[in-house]
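**Student:** Make a model of this:
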Amino acid sequence: MKLPNKKYTILSLTLLISSFVLMSFYPIDGYESTGITRLLRLERIKNDTTQTINLPSGALLPLNCINLQLTTVNDSINSILKEDKEFSNKIKKVIPSGNYSLTVLDMSDPNHLKYAAHKETIGYQPGSVGKLTVVTAIFTQLYNICPQSWEARKSLLKTKKVRAGAWALYDHHTIPDYNIETDRLVKRKVKSDDVFTLYEWVDHMMSVSNNGAASVVWREALLMAAFQDEYEYITEEDADEYFKNTSKKELTLLANKIVNEPLRKIGISKDEWRLGSFFTSGANKYVGDIGGSIGTPLGLMKYLVQLEKGKVIDSFSSLEIKRLMYMTDRRIRYAYAKEIRDAAVYFKSGSLYSCDRSNGKTCGEYAGNVYNYMNSVAIVEHPNGVKYMVCLMTNVLRKNSAWDHMVLASKIDQVINAQNEEPTS
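**Tutor:** Numbering: from 1, shown residues only. Sure, this is the predicted structure:
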């Protein structure tokens, strides 16, 4: 993804849009359903009595235990996101001073939702949180191709294989490459000749936040929009010919439309959340940038609410996107809080920082002194029935905010659990 402000050409600019460690999302019993090979490895470890799968209990939910929480709520977005003053005051007391913005929705009782907000309309560079718009784009295009059949859409995700090409370059983040026959897992960078199914590219984009995978998924959504019913049958040569014979302006407009229009359809304005550029320089050979990328805690919360209502495309797509957000491995940043260890966590994090080390100025990894964005969206579901959603965006300079995000997660969880223990009048 191109950095948003080009005037800092003399600066050392570093884009780090994913996490520190390899993470696994999606329920680990999902191999048969998706064909994502790394899930088979996790399932084999879980079923082997000689091995231990080192996962928190909250990460072991099977597919059939993941559900949408707000499907019975008919209220509008504006009605749902009406601030509860008492709840909001409790949340605001635990927020640090500085560039912190967040929204919180307690959905433990769907009939009595409680919403809190703090500087919720301030815009931030969303980083990898923006990949939620890409997964939404490809599920939208799948719906357009097969509106009557979710199984047909899943089949296309599972069987259609595509090569990375130059679009996936360059990204220093690794992907998990598991060989079923040799039972060997390799963590490596994406190569231009890599071939994976659509499901696996989507998983690489979501589970390890791989930028190259994100550009491939966005490219395939673009091809779906262009070829529609014929997409299933097009070859790599057909795709190359399309990109060769279509103007960059036309490709840019279509690419921008397919990631942003689905957000508008669910009530999110362009100033609340938009994606303006691809995640790799290789993709920029074909597609330009429009309008920059921005996110707000309000826009992100609107998305999560519509997801839980089953309104992001349709209920099938909403549930599948939620599954792809499921945290099933080591948790980081906001999701690292010990209070939510036993909870199911559906999570996406992103960061973007920029350093200016001229004149001896201090700066470090995840501690930019020009900008230092760190963002998280999380759906937390405790076994005791406490359920809530948080969208947190920060820009705290010269400081790695990961620890502060974790501490804030602990405090928010304590507030919400205490609130739900209070007797109702």
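
**Student:** all strands of the stretch 51-200 of the chain, in order?
**Tutor:** 100-106, 114-118, 161-163, 174-179, 184-189, 195-197 (DSSP state E, counting those that start in this stretch).

**Student:** So which of those strands is the most surrounded?
**Tutor:** strand 100-106 (a mean of 24; mean count of other Cβ atoms under 10 Å). The way it works is simple: take the backbone N, C-alpha and C, and place the C-beta from them, glycine included.

**Student:** Show me what that one is packed up against.
**Tutor:** Other elements packing on strand 100-106 under the criterion 3 or more Cβ pairs under 8 Å, 6 or more residues apart in numbering; DSSP states H and E are helix 85-92, strand 114-118, helix 297-308, strand 387-395, helix 402-421.

**Student:** Pull out the buried positions in the first one.
**Tutor:** Of the residues in helix 85-92, those scored as buried under the neighbour-count criterion (16 or more other Cβ atoms under 10 Å) are 87-88, 90-91.

**Student:** Sketch out the low-pLDDT regions of this protein for me.
**Tutor:** Residues of the chain meeting the criterion pLDDT under 70: 1-24, 328-330, 423-425.

**Student:** okay, the strands of the stretch 51-200 of the chain in JSON lines with distance to Glu83 next?
**Tutor:** Listed next are those as JSON lines, based on distance: least, Cβ to Cβ, whole Å:
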{"stretch": "strand 100-106", "distance to Glu83": "10"}
{"stretch": "strand 114-118", "distance to Glu83": "6"}
{"stretch": "strand 161-163", "distance to Glu83": "45"}
{"stretch": "strand 174-179", "distance to Glu83": "41"}
{"stretch": "strand 184-189", "distance to Glu83": "44"}
{"stretch": "strand 195-197", "distance to Glu83": "43"}
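
**Student:** Tell me which of those strands lies nearest to Pro297.
**Tutor:** Taking Cβ to Cβ, strand 100-106 is the member of the strands of the stretch 51-200 of the chain nearest to Pro297, at 4.2 Å.

**Student:** Quickly run through the sheet partners of the closest one, with directions.
**Tutor:** strand 114-118 (antiparallel), strand 387-395 (antiparallel) (DSSP bridges).

**Student:** Could you provide those in a markdown table, with additional columns for distance to Glu421?
**Tutor:** Formatted as a markdown table, those follow (distance: least, Cβ to Cβ, whole Å):
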| stretch | distance to Glu421 |
| --- | --- |
| strand 114-118 | 14 |
| strand 387-395 | 14 |
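
**Student:** about what we covered before: tell me which of the strands of the stretch 51-200 of the chain lies nearest to Tyr303.
**Tutor:** So among the strands of the stretch 51-200 of the chain, strand 100-106 is nearest, using Cβ to Cβ, at 10.8 Å.

**Student:** And for that closest one, what's in contact with it?
**Tutor:** For strand 100-106, contacts defined as Cβ atoms under 8 Å, 6 or more residues apart in numbering pick out 80-81, 87, 91, 95, 113-120, 122, 124, 296-298, 300-301, 304-305, 387-394, 396, 408, 412, 416, 419-420.

**Student:** can you do 7 Å?
**Tutor:** 87, 91, 95, 113-120, 122, 297-298, 301, 305, 388-394, 412, 416, 419 (Cβ atoms under 7 Å, 6 or more residues apart in numbering).

**Student:** ChimeraX command to pick out the buried ones of these?
**Tutor:** Buried residues among the contacts of strand 100-106 (16+ other Cβ under 10 Å), as a ChimeraX selection:
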select :87,91,95,113,114,115,116,117,118,119,120,122,297,298,301,305,388,389,390,391,392,393,394,412,416,419
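
**Student:** what's around Gly291, how many residues?
**Tutor:** 12 (other Cβ atoms under 10 Å).

**Student:** Quick check: closest non-adjacent residue to it.
**Tutor:** Closest residue to Gly291 apart from its sequence neighbours, by Cβ to Cβ, 6 or more residues apart in numbering: Gly276 at 4.6 Å.

**Student:** related to what we said a few turns ago, columns distance to Asp48 on top of the helices and strands packed on strand 100-106, output as a markdown table?
**Tutor:** Formatted as a markdown table, the helices and strands packed on strand 100-106 follow (distance: least, Cβ to Cβ, whole Å):
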| stretch | distance to Asp48 |
| --- | --- |
| helix 85-92 | 43 |
| strand 114-118 | 44 |
| helix 297-308 | 34 |
| strand 387-395 | 33 |
| helix 402-421 | 32 |
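
**Student:** quick one on the thing from earlier: between the strands of the stretch 51-200 of the chain, which one is nearest to Ala137?
**Tutor:** strand 161-163 (15.4 Å).

**Student:** Sheet partners, orientation included, of that closest one?
**Tutor:** strand 195-197 (antiparallel).

**Student:** can you list contacts of the strand it pairs with?
**Tutor:** Counting by Cβ under 7 Å, 6+ apart, 35, 157-163 sit against strand 195-197.

**Student:** let's see it at 6 Å
**Tutor:** 35, 161, 163 (Cβ atoms under 6 Å, 6 or more residues apart in numbering).

**Student:** so what's the first one closest to, chain neighbours aside?
**Tutor:** Beyond its immediate neighbours in the sequence, the residue positioned closest to Gly35 (Cβ to Cβ, 6+ apart) is Lys158, lying 4.6 Å away.

**Student:** what's the spacing between that neighbour and Cys65?
**Tutor:** The gap separating Lys158 from Cys65 is 22 Å, by Cβ to Cβ, to the nearest Å.

**Student:** Neighbour count: the two, which is higher?
**Tutor:** The neighbour count for Lys158 versus Cys65, taken as other Cβ under 10 Å, is higher for Lys158 (17 against 10).

**Student:** Give the buried residues for stretch 287-305.
**Tutor:** Quick answer for stretch 287-305 (16+ other Cβ under 10 Å): 287-290, 293-305.

**Student:** For Val134, find the nearest of the strands of the stretch 51-200 of the chain.
**Tutor:** strand 161-163 (14.7 Å).

**Student:** Run the chain-centre distance for the closest one.
**Tutor:** 22 Å (Cα atoms, centre = their mean, to the nearest Å).
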